[in-house]
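# heads up, no residue letters with this:
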């Protein structure tokens, strides 16, 4: 319904196809996306995975109007379990798929959108791409897969979190979060050319190279930090549930009203 999947010349193209909602992520989209990643990971004819999106924007983040099956009373326990599966575990699983992956990003990539592109090994960005995580305005210290410090460095990470401002494609390339910035009309072609080149390399060598880099990050503390900061994120939800009129609590109340 929300994800297109195609394999050609050893490249699996996974496409977010909800452009009318700026590819906002509801539960069904995330479940379909995870199934597509799994399919590509298990297909022996796939050497490289490309994640792309239809429309003007890569992803507007989590769909806060999504009607996940929810209890009549939303609790921190329920939020913690739901977000563990669809946000934290999905992103970590995609990061650890043993095949090289490339995200092609255009337009806005907001909050939850980072959970889709950051797990990829490489990012090619259109000149109009921007990356932001404005959830501090909702009383939370950053999205669930808190890769900010690893992707941007500590001071730039604090800056975008404290101010909520977007990072441009050029800035992202400068700090190493993005590998290449290209004109918008060349994004797909440039990403495809990079994927085709990588696909000519020995598959076992690619697998080992990816494992070596990811394990180095994990030894430096990446995995432990991601897990612990997820709990910090959940403390924001706990605060929201305890404060009358809190922005998140109001959004959850709207969601409960729709479900009921």
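Perfect, I can see it now. Given the structure is predicted, the values throughout are model-derived calculations rather than measurements. Numbers count the residues shown, from 1 in each chain.
# Spell out which helix or strand contains residue 208, please.
Using DSSP states H and E, residue 208 falls within helix 203-219.
# For that helix, name the packing helices and strands.
Helices and strands touching helix 203-219, by 3 or more CB pairs under 8 Å, 6 or more residues apart in numbering; DSSP states H and E: there are none. The way it works is simple: take the backbone N, C-alpha and C, and place the C-beta from them, glycine included.
# roughly how far is it from the heart of the chain?
20 Å (CA atoms, centre = their mean, to the nearest Å).
# for that helix, which positions count as buried?
203, 206, 210, 214 (16 or more other CB atoms under 10 Å).
# give me the low-pLDDT residue ranges for the stretch 1-150 of the chain?
Filtered on pLDDT under 70, the stretch 1-150 of the chain yields the residue ranges 67.
# can you rerun that using 80?
For the stretch 1-150 of the chain, the stretches flagged by pLDDT under 80 are 67-70, 72.
# Strands of that one, start to end?
For the stretch 1-150 of the chain, strands defined by DSSP state E, counting those that start in this stretch occupy the ranges 3-8, 11-16, 48-53, 101-105, 108-110, 122-126, 130-132.
# other SSEs contacting the helix ranked longest in the chain?
With secondary structure taken from DSSP state H, the chain has its longest helix at helix 222-242. Other elements packing on helix 222-242 under the criterion 3+ CB pairs under 8 Å, 6+ apart are helix 76-83, helix 148-152, helix 247-259.
# which parts of that helix are buried?
Within helix 222-242, the residues scored as buried using 16+ other CB under 10 Å are 222-223, 225-226, 229-230, 233-234, 236-237, 240-241.
# Quick one: residues contacting residue 43.
Residues in contact with residue 43 (CB atoms under 8 Å, 6 or more residues apart in numbering) are 7, 12.
# Give me the distance between it and residue 36.
Computed as CB to CB, to the nearest Å, the residue 43 to residue 36 distance reads 11 Å.
# Could you tell me which residues touch both of those two?
Jointly contacting residue 43 and residue 36 under the rule CB under 8 Å, 6+ apart are residue 12.
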